[in-house]
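*Asks:* need coordinates for the following:
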Amino acid sequence: MTDKNLLFGRFLQKEGLILFDEIYKTRELQNKHNLKIGERACIKGWLDEETVKRILVIQEETFKKFGEIAVEEGSLTQAQVDELLKEQKDEYLFFGEALVQLRILSTEKVMEKLKEFNKIKIKETK
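*Replies:* Model prediction:
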């Protein structure tokens, strides 16, 4: 893996601050927390699993957004899609936040290392 493609978790691992198992646990927490729009719609009872699967197949073929297809198919209203997207954005758990929640690193350490990581990324884009 080149530094250009380095993710924050791997950066922290290279710095000796976290282990691979901790990256995995952090990603697991993110996956549980950062639900996809179809999952959110199922939880609300707006879509069933079969409808979500059907929309996902259409999405693979058309490269359209899930919400766009759901509205076109009459499965969701635009207002429902907007609500789901707002929830998804508002509740998104970033990798650094997950590290803090799991008590792997402090907020201060995450912020310090994120600044260093971003400096590296900015240099690589120039």
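*Asks:* C-alpha from now on. contacts and neighbour counts both.
*Replies:* OK.
*Asks:* please name the nearest non-neighbouring residue to the residue nearest the centre of the chain.
*Replies:* Among the residues of the chain, Asn34 comes closest to the average C-alpha position under C-alpha atoms, centre = their mean, at 5.4 Å. Here the nearest residue to Asn34 in space, its sequence neighbours aside, is Tyr92; by C-alpha to C-alpha, 6 or more residues apart in numbering that works out to 5.5 Å.
*Asks:* burial count for that neighbour?
*Replies:* For Tyr92, the neighbour count with other C-alpha atoms under 10 Å is 14.
*Asks:* please apply the same query to the one 3 residues further on.
*Replies:* Burial of Phe95, expressed as a neighbour count using other C-alpha under 10 Å, amounts to 17.
*Asks:* isn't it right next to Leu29, touching?
*Replies:* No. Distance between Phe95 and Leu29: 9.0 Å, which falls outside the contact criterion (C-alpha atoms under 8 Å).
*Asks:* residues in contact with Glu72?
*Replies:* When contacts are counted by C-alpha atoms under 8 Å, 6 or more residues apart in numbering, Glu72 is found next to no other residue.
*Asks:* and if you look at Gly96?
*Replies:* Contacts for Gly96 were tallied using C-alpha under 8 Å, 6+ apart; they are Thr107, Val110.
*Asks:* Three-state assignment for it, please.
*Replies:* Classification of Gly96 by DSSP: H, G, I helix; E, B strand; the rest coil places it in helix.
*Asks:* mind checking how far it is from Thr77?
*Replies:* In this structure, Gly96 lies at 34 Å from Thr77, with C-alpha to C-alpha, to the nearest Å as the measure.
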